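Peer 1: sequence first, predicted model second:
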Amino acid sequence: MTAPLTMPAEAALRYTMDRLDRARKHKLLRKADVRALPALYSQENEEDPVVHVKLFCPYSQATWLLTEYDGDRIAFGFATLDGVTGELGYCDILELGTLSRMAGQLPMIERDCWFQPCKLSEAKKQIGIKE
């Protein structure tokens, strides 16, 4: 019997995300998305920042509207877990990308491939969040 393969936690997360990207048949964040998302804190003085990426859970009403990204793991934007209320805050893209069901075979988080960048107020209306 051989010892289990061990790897650093971040490498394990990246491996899992790559496997789930193949299952979802698209990358959670494409290179074009990474280029389009402004750097963290660049829109902090904007009253109504632009949302560039929409992530969602097809099994619930959880949605993330991303406005900024550090280029590696951390994104900023609006998140709702219940489809009724939400808040601005940070999320770890790598952790979101590794959430799965059915013994790790089914991704829990998807990217809305048809989402068009728009102001945060408009994106909230699109997902049913009332101001």
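Peer 2: It's in. Values in this document were obtained by computation on a predicted structure and should not be read as measured data. Residues are numbered from 1 along each chain as shown.
Peer 1: what's across from the residue nearest the centre of the chain in the sheet?
Peer 2: What sits nearest the mean C-alpha location of the chain, by CA atoms, centre = their mean, is residue 55, with 4.7 Å. Residues in a beta bridge with residue 55, per DSSP bridges, are residue 64, residue 111.
Peer 1: my read: it touches residue 92, true?
Peer 2: No - using CB atoms under 8 Å, residue 55 is not in contact with residue 92; the gap is 11.9 Å. Every residue, glycine included, has its C-beta placed from N, CA and C.
Peer 1: who's in contact with the residue nearest to the centre of the chain?
Peer 2: By CB atoms under 8 Å, 6 or more residues apart in numbering, the contact set of residue 55 is 28, 63-64, 66, 96, 109-112.
Peer 1: at 10 Å instead, please
Peer 2: Residues near residue 55 by CB atoms under 10 Å, 6 or more residues apart in numbering: 28-29, 62-66, 75, 77, 79, 91, 93, 96-97, 109-112, 115.
Peer 1: next: residue 95.
Peer 2: The neighbours of residue 95, taking CB under 10 Å, 6+ apart as the test, are 13, 17, 73, 109.
Peer 1: redo that, cut-off 8 Å
Peer 2: Residue 95 touches residue 13, counting by CB under 8 Å, 6+ apart.
Peer 1: swap in residue 21?
Peer 2: 27-28, 97.
Peer 1: let's see if you can find the most crowded of those.
Peer 2: residue 97 (25 neighbours; other CB atoms under 10 Å).
Peer 1: give the contact list for that residue.
Peer 2: If you count contacts by CB under 8 Å, 6+ apart, then residue 97 has 16-17, 20-21, 28-29, 107, 109 around it.
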